[in-house]
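Colleague: Structure of the sequence below:
(2 chains)
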Amino acid sequence: MPKEPKPHWNPYVAGIGLGLVLTATYLVVGRGLGASGPALRAAAVWVAALAPVHAATTPAFTRIVAEPHPFENYYVFLAVGTLLGGFVSAYLAGRVQPGVTKGPTASLQWRLWAALFGGVLLGIGARLARGCASGQALTGGGLLSAGSWAFMLAIFGGGYATVWFARREWR
Amino acid sequence: MTLFPLQAAVQNPNLAMALAVLAGFGFGFMLERAGFGDARKLLRQFFGTEMVMLKVMFSAVATAVVLTSLLDGVGLLDLRALGNLVTTETFLWPMIAGGLLIGAGIVFSGYCPGTSFVGMASGKLDAVVTYAGVVVGQVVAAELERAAPFKRFFESGAKGHLYLYDVFGVPAAVLALAVAAVAIGSFLFGEWVERKLGGDGAPASPARPRRFAFGAFAGVALAAVASLALPSGAGAAPRAAGSIGVEELARRVFESPWSLRVLDVRGAEACGAARIPGAECVEAAEVAKLGLDAEAASRDLVLVGPGDLGVPPEGALAFPGRVLLLTGGFDAWKSWALTAPTPLADGAPAAEREASRLRAGVHAAMTGVKAAAVAPAAGGAAPKRKKAGAGGGGCGG
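Modeller: Take a look at the predicted model:
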């Protein structure tokens, strides 16, 4: 990208835009947004390829591996759309820049291992909470689900409690 | 009948999948516009230098809350029914633990699963690695879940579908106004923290979009509160008890007893002498001590008084499923179930024959006296058993 990236939108405006997308999804599709569903499906299919019997007897996977086409699923299509929308927005703003995001002094290796570690925590957390920050906090929060609000506050709590350990990655 | 959600996609999975791409497009576009394709931007939230996650997430949630509350208020949607359709049930403890883990995951990976898609779309390798980690995490969690103690924790704190308007016992519109106020307050606090920690480097917050956003939250929330005065408003009011008739209760007691919990609050003596099969004898004053809030939401609670109860006993509404009062109370049950049905004439309609057979069965079970045989239905088939759960299980009826 030769041109200088454009600035991000004002966070309140982007937030309201996100809220309108969320509300429209409730009203038109009768569902919410989410991002961890495809990971669960990929995990199920992956385990099933290595150990079919084991996957079929794992409660989290049983239902998914029994489906003829595990990836023909609302949340998988949603993820395809999310990638497309993210790409179009990034491209229009000149922000498609291949690379690794990290703090100026962090090593590349350390950053990628930390990303993997963080991802594992996200995966376990999403399973426990029946959804991730979008599937549970946004979708449930917007409909005033009590569990979603407890979850949303816990996200901030967990982040502030551990950010000190991750500081070298970002500064 | 409410207009939303539009039934076309709810009932047609293929259409829902096509619309999913569209919904996802908007989702990804907005996340990227907000700057979440860059992990460093998200991390500034936790270093306190730019409260971007707070602002975007809370703005989005507040937008959805005030809009759905307004639509509920004017009768275009039923907020509770929509919530039961869209949201997961509350499992308090694993959700809090999951939130803590996800918070930690965000500061190490720089993404939450949703924003990692946007990072990938911007060409970021760390976003790909993060999502690979999410897949691994799902496998780890699934394996842990095979162990009984983890599984117990995974299902602990089950509250069924529980909403903040139930917790606080106020109409949803009032809660929407509170959410708008809390959101605006937290934004002002966040901007104050940004100035404290960032000094001159604090992100600018231009007055125009801010005034627009705050005004919109407060304005729509106030409109939602005003809509409570409308007679048409469905208004997700605090929980109220429904009612159940004798015949429906009898049908469920005999055909799907697992879908019910019946409490007889007439007092120990009257209840001890005669009660509806499966009913528990509980003093009305003791209902609050039963711990009904820990029950599964898939069952209904039926309360039996001597006559119409009018209002449920204190504590009964903590029950997560539907709370139903028996119309006419035990007296109605007695006159219905302990009186033998009159024999039917030949050629009575099938529905009537079926109702009569149920009544005869109940009467026989309650009195030990077999009534005259009921005319057999065409084909002689017994009345169909209801499928488990269909009788009123479900999460919101």
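
Colleague: who are the neighbours in contact with residue 117?
Modeller: If you meant another chain, say so; for now it's chain A. Counting by Cβ atoms under 8 Å, 6 or more residues apart in numbering or on different chains, A:F117 touches B:108-109, B:133. Where you see a C-beta, it was placed from the backbone N, CA and C, and this is true even at glycine.

Colleague: Chain B was what I was after
Modeller: Neighbours of B:F117 in contact, by Cβ under 8 Å, 6+ apart: A:35, A:79, A:82-83, A:86, B:28, B:31, B:127, B:131.

Colleague: again, only this time at 10 Å
Modeller: A:35, A:38, A:78-87, A:134, B:24, B:27-28, B:31-32, B:36-37, B:111, B:127, B:131 (Cβ atoms under 10 Å, 6 or more residues apart in numbering or on different chains).

Colleague: do A:A39 as well
Modeller: So A:A39 contacts A:75, A:79, A:119, A:122-123, A:126-127, A:132, B:113, B:116, B:131-139 (Cβ under 10 Å, 6+ apart).

Colleague: what secondary structure does it sit in?
Modeller: helix (DSSP: H, G, I helix; E, B strand; the rest coil).

Colleague: Then B:V302?
Modeller: strand.

Colleague: which residues does it contact?
Modeller: B:V302 is in contact with B:241-244, B:248-249, B:252-253, B:260-264, B:276, B:278-279, B:322-326, counting by Cβ under 10 Å, 6+ apart.

Colleague: For the buried ones among those, write the corresponding ChimeraX selection.
Modeller: Buried residues among the contacts of B:V302 (16 or more other Cβ atoms under 10 Å in any protein chain shown), as a ChimeraX selection:
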select /B:241,244,248,249,252,253,260,261,262,263,264,276,279,322,323,324,325,326
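
Colleague: roughly how far apart are A:R168 and chain B?
Modeller: 11 Å (Cβ to the nearest Cβ, to the nearest Å).

Colleague: Leaving out sequence neighbours, find the closest residue to that residue.
Modeller: With sequence-adjacent residues excluded and distances taken as Cβ to Cβ, 6 or more residues apart in numbering or on different chains, A:R168 is closest to A:A106, at 6.1 Å.

Colleague: returning to what we had before: filter the contacts of A:A39 down to just the ones in strands.
Modeller: Assignment to strands by DSSP state E places none of the contacts of A:A39 there.

Colleague: B:K124 bridge partners, please.
Modeller: For B:K124, the beta-bridge partners under DSSP bridges are A:G99.

Colleague: Quick check, pLDDT for it.
Modeller: Predicted confidence (pLDDT) for B:K124: 96.

Colleague: what about it, neighbour count?
Modeller: Neighbours of B:K124 under the rule other Cβ atoms under 10 Å in any protein chain shown: 26.

Colleague: And A:W46, how far from B:Q138?
Modeller: Separation of A:W46 from B:Q138 (Cβ to Cβ, to the nearest Å): 9 Å.

Colleague: With neighbour numbers in mind, choose between the two.
Modeller: Ranked by neighbour count (other Cβ under 10 Å), A:W46 and B:Q138 place B:Q138 first, with 29 against 15.

Colleague: Narrow the contacts of B:F117 to those in helices?
Modeller: A:38, A:78-87, B:24, B:27-28, B:31-32, B:127, B:131 (DSSP state H).

Colleague: any idea how far the helix of greatest length in chain A is from the chain center?
Modeller: Counting by DSSP H, the longest helix found in chain A is helix A:108-128. Taking the mean of its C-alpha atoms, helix A:108-128 sits 12 Å from the chain's own mean (Cα atoms, centre = their mean, to the nearest Å).

Colleague: Over to stretch B:47-59?
Modeller: Distance, centroid of stretch B:47-59 to centroid of chain: 28 Å (Cα atoms, centre = their mean).

Colleague: What mean pLDDT does it get?
Modeller: Stretch B:47-59 comes out at a mean pLDDT of 93.

Colleague: Give me the most central residue, chain A.
Modeller: A:A35 (4.2 Å; Cα atoms, centre = their mean).

Colleague: Contacts only, for the residue in the stretch 201-350 of chain B that chain A sits nearest to.
Modeller: With Cβ to the nearest Cβ, the shortest gap between the stretch 201-350 of chain B and chain A falls at B:A213, namely 3.7 Å. By Cβ under 10 Å, 6+ apart, B:A213 lies in contact with A:10-13, A:15-16, B:55, B:59, B:62-63, B:183-184, B:187.

Colleague: change it to 8 Å
Modeller: Contacts of B:A213 by Cβ under 8 Å, 6+ apart are A:12-13, A:15-16, B:59.

Colleague: quick check, nearest of those residues to B:V174?
Modeller: Nearest to B:V174, judged by Cβ to Cβ, of these is B:S59 at 20.4 Å.

Colleague: still on that earlier bit, I'd like the distance between the residue nearest to A:R168 and chain B.
Modeller: From A:A106 over to chain B the distance is 11 Å, taken as Cβ to the nearest Cβ.

Colleague: What pLDDT is listed against that residue?
Modeller: 89.

Colleague: mind checking the SS state of it?
Modeller: With three-state DSSP as the criterion, A:A106 reads coil.

Colleague: What about it, how many residues nearby?
Modeller: 18.

Colleague: pretty sure it is touching A:R167, no?
Modeller: No - in this structure, A:A106 is not within contact of A:R167 by Cβ atoms under 8 Å, at 9.7 Å.

Colleague: circling back to that earlier point, most neighbours out of the contacts of A:F117, which is it?
Modeller: Busiest of the contacts of A:F117 [other Cβ under 10 Å] is B:S109, holding 35 neighbours.

Colleague: in what helix or strand does B:G278 lie?
Modeller: With secondary structure defined by DSSP states H and E, B:G278 is part of neither a helix nor a strand.

Colleague: show me where pLDDT drops low in the chain?
Modeller: All of this is about chain A. Judged by pLDDT under 70, chain A has its weakly predicted residues at A:1-3.

Colleague: please go with chain B instead
Modeller: B:1-2, B:231-239, B:296-298, B:347, B:368-397.

Colleague: now the strands for it?
Modeller: B:90-91, B:158-160, B:242-244, B:260-264, B:280-281, B:300-304, B:323-326.

Colleague: Now distance to A:F71 too, for those, in CSV please.
Modeller: Shown next, in CSV, are those (distance: least, Cβ to Cβ, whole Å):
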stretch, distance to A:F71
strand B:90-91, 27
strand B:158-160, 30
strand B:242-244, 41
strand B:260-264, 40
strand B:280-281, 48
strand B:300-304, 38
strand B:323-326, 41
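
Colleague: wait, which of the ones you listed is closest to B:I102?
Modeller: Set against B:I102 and scored by Cβ to Cβ, those come closest in strand B:90-91, at 14.8 Å.

Colleague: Within its sheet, name the partner strands of that closest one and how each one runs.
Modeller: Sheet pairing of strand B:90-91 (DSSP bridges) gives strand B:158-160 (antiparallel).
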